[in-house]
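Asks: Sequence isn't available, so here's the structure alone:
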């Protein structure tokens with residue numbers, strides 16, 4: 001099971017000033033925030049509980065479009081892999097842990 005979404009961090013985001021004047025870069029935490037938001041769109045009943053691993057491989061600039069790809073682990077649905085790309089280049093990747101908020105009763 002996979003899901004994709006396109007995102008961009010606007011240049012007027014309040015976290016960008018100071019990250020770096022004259023050559024702004026999007027902080028990794030903002031990329032992760034977008035990944036978590038996309039997870040909530042894809043699986044509304046799932047709540048992220050941990051970021052198991054994350055690697056930031058390329059910088060992201062404000063206004064730059066990127067694609068977030070999510071993939072559920074078939075053997076363990078609480079594991080979700082993510083990958084963020086700009087035109088095919090991986091800028092960030094990792095694995096999330098999520099738990100279902102909907103309780104099943106019998």
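Replies: Ah, there it is. Bear in mind that the values here come from a model prediction, so they are computed numbers and not experimental data. Numbering: from 1, shown residues only.
Asks: measure the residue nearest the centre of the chain to residue 5 for me?
Replies: A centroid search over the chain (C-alpha atoms, centre = their mean) returns residue 35, at 1.8 Å, as the residue closest to the centre. Computed with C-beta to C-beta, to the nearest Å, the distance linking residue 35 and residue 5 is 9 Å. Where you see a C-beta, it was placed from the backbone N, CA and C, and this is true even at glycine.
Asks: residues shared between the contacts of these two?
Replies: residue 68 (C-beta atoms under 8 Å, 6 or more residues apart in numbering).
Asks: related to what we said a few turns ago, I figured the residue nearest to the centre of the chain was touching residue 83, is that so?
Replies: No: in this structure, residue 35 is not within contact of residue 83 by C-beta atoms under 8 Å, at 9.4 Å.
Asks: shared neighbours of the two, anything?
Replies: In contact with both residue 35 and residue 83: 68, 92, using C-beta under 8 Å, 6+ apart.
Asks: and the nearest residue to residue 9 once chain neighbours are set aside, how many neighbours does it have?
Replies: For residue 9, ignoring the flanking residues on the chain, the nearest one in space by C-beta to C-beta, 6 or more residues apart in numbering is residue 26 at 4.7 Å. For residue 26, the count of nearby residues is 23 (other C-beta atoms under 10 Å).
Asks: so is residue 26 in a helix, a strand, or just coil?
Replies: Three-state call for residue 26 (DSSP: H, G, I helix; E, B strand; the rest coil): coil.
Asks: Kindly report the same for the one 5 residues further on.
Replies: Recorded secondary structure, residue 31: helix (three-state DSSP).
Asks: how close does it get to residue 77?
Replies: Applying C-beta to C-beta to residue 31 and residue 77 gives a distance of 24 Å.
Asks: So for these two, which sits in the more crowded spot?
Replies: Higher neighbour count among residue 31 and residue 77: residue 31, with 21 against 14, using other C-beta under 10 Å.
Asks: I figured that one hits residue 90, correct?
Replies: No: if you go by C-beta under 8 Å, residue 31 and residue 90 don't touch, sitting 11.9 Å apart.
Asks: Mutual contacts of these two, please.
Replies: Joint contacts of residue 31 and residue 90 (C-beta under 8 Å, 6+ apart) are residue 84.
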